[in-house]
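Undergrad: After the sequence you'll find the predicted model.
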Amino acid sequence: MDTAAVQALLAEHAELERQLADPELHADQGTARKVGRRYGELSRIVRTVRELDTARIDLDAARELAAQDPDFAAEADALAARVPELERELGELLLPHDPHDDDDVVMEIKSGEGGAESALFAGDLLRMYLRYAERHGWRAEVLGATEAELGGVKDVTVSVKGSTESGVWERLKFEGGVHRVQRVPVTESAGRIHTSAAGVLVYPEQDDVEVEIDDKDLRTDVFRSSGPGGQSVNTTDSAVRITHLPTGIVVSCQNEKSQIQNRLRAVQVLRARLQAMAEEEAAAKAADTRHSQVRTVDRSERVRTYNFPENRIADHRVNYKAHNLDAVLDGDLDGVLDALVAADRAERLRQ
């Protein structure tokens, strides 16, 4: 382990702590947010370093005492096992990480194959993510949604924001892909199990986005708000739908009180989406591959399956299976997300 690098991070943490104590920093909320997030990220490293240092000192002392008194042998053995655990944990924390891990996110959920059942399932996914955000104390806001006739949603856009140490992107970035459901639809009279799918897109919402957007590349449509997020403004044509003509990306927002506010928020989300696309394309050129979250919402191209008859959830990327689907749909996602995070860290360690 690079001791000099660790000391540099400890010094940076101390400097950030000094900056956060300065009232002038908080006059600029954007800068204060960045400093707070970096401080939160380094705090995890600092806590582990201090715990490791303490464990090493205690281990040396316990071994000396155990040589004179056998009663200290068990304590020495426990510390001898704990030190390598902390070293491994610190090594993982020091791995080069995704620069967006501490960013907030924007999620898009889209119904796909399966018609009305797919829209109902997309609504289930929306509820699942809203519940998960609630469990973690995050702020989730539905920016725009298109409801389906029989219930659920055809498409919905959600903003999820956390605190300085929350790591919203770090957790939710793995949700991008095609989610498949197997169950008996409410419209099925014969009781047969059907398979349908919904697609999820996830991208970081950054404070500073470098993408420039030309107004001539945008088509703006206004409409009356309705559905999730629009209840308080559904009496006027305040909702906004923006189409980015060069890419065909469509963003809608209906949660704000005025048409102007909705347009500003929609453009902000569009910038985040274009920034994510640009970064993905740059990474693809460098690695000669492209990680695509959702190419087509096709049942065969899935990352996860939700099997209702067996109360089973299966993530096909890490061979994760659990029979607690009811709890997962109620927002208890940490089991599958922990498995995905662990697999990602293991792959980075291997590389």
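TA: Great, that's in hand. Numbers count the residues shown, from 1 in each chain.
Undergrad: got the CA coordinates for stretch 215-227 in PDB?
TA: Output of stretch 215-227 as PDB, limited to C-alpha atoms (Å, rounded to 0.1, in the frame of the first residue of the first chain):
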ATOM      1  CA  ASP A 215     -31.600  26.400 -29.200                       C
ATOM      2  CA  LYS A 216     -32.200  25.700 -32.800                       C
ATOM      3  CA  ASP A 217     -31.600  22.000 -32.000                       C
ATOM      4  CA  LEU A 218     -34.500  21.900 -29.600                       C
ATOM      5  CA  ARG A 219     -38.300  21.500 -30.200                       C
ATOM      6  CA  THR A 220     -40.400  22.500 -27.300                       C
ATOM      7  CA  ASP A 221     -44.000  21.300 -26.800                       C
ATOM      8  CA  VAL A 222     -46.300  22.300 -23.900                       C
ATOM      9  CA  PHE A 223     -49.100  20.300 -22.500                       C
ATOM     10  CA  ARG A 224     -51.300  19.900 -19.500                       C
ATOM     11  CA  SER A 225     -49.700  18.200 -16.500                       C
ATOM     12  CA  SER A 226     -51.100  14.900 -15.300                       C
ATOM     13  CA  GLY A 227     -50.100  11.800 -13.400                       C
END
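Undergrad: Please enumerate the helices of the stretch 151-300 of the chain.
TA: Assigned helices in the stretch 151-300 of the chain, in chain order: 168-172, 259-287 (criterion: DSSP state H, counting those that start in this stretch).
Undergrad: Would you mind finding the most buried of those?
TA: helix 168-172 (a mean of 23; mean count of other CB atoms under 10 Å). Glycine gets a C-beta too; all of them are placed from N, C-alpha and C.
Undergrad: Show me what that one is packed against.
TA: Judged by 3 or more CB pairs under 8 Å, 6 or more residues apart in numbering; DSSP states H and E, helix 168-172 is in contact with strand 104-111, strand 153-161, strand 194-205, helix 334-350.
Undergrad: Quick check, pLDDT for the residue lying closest to Leu333 once chain neighbours are set aside.
TA: Among residues not flanking Leu333 along the chain, Tyr132 sits closest, at 4.9 Å (CB to CB, 6 or more residues apart in numbering). We have a pLDDT of 96 for Tyr132.
Undergrad: now do the one 10 residues further on
TA: Predicted confidence (pLDDT) for Val142: 91.
Undergrad: where does the stretch 251-351 of the chain dip in pLDDT?
TA: Applying pLDDT under 70 to the stretch 251-351 of the chain picks out residues 282-301, 351.
Undergrad: redo that, cut-off 50
TA: The stretch 251-351 of the chain contains residues with pLDDT under 50 at 286-292, 295, 299.
Undergrad: Pick out the residue nearest the middle of the protein.
TA: Leu172 (2.0 Å; CA atoms, centre = their mean).
Undergrad: coming back round to it: so which of the helices of the stretch 151-300 of the chain gets nearest Glu188?
TA: helix 168-172 (31.7 Å; CB to CB).
Undergrad: Great, nothing more from me.
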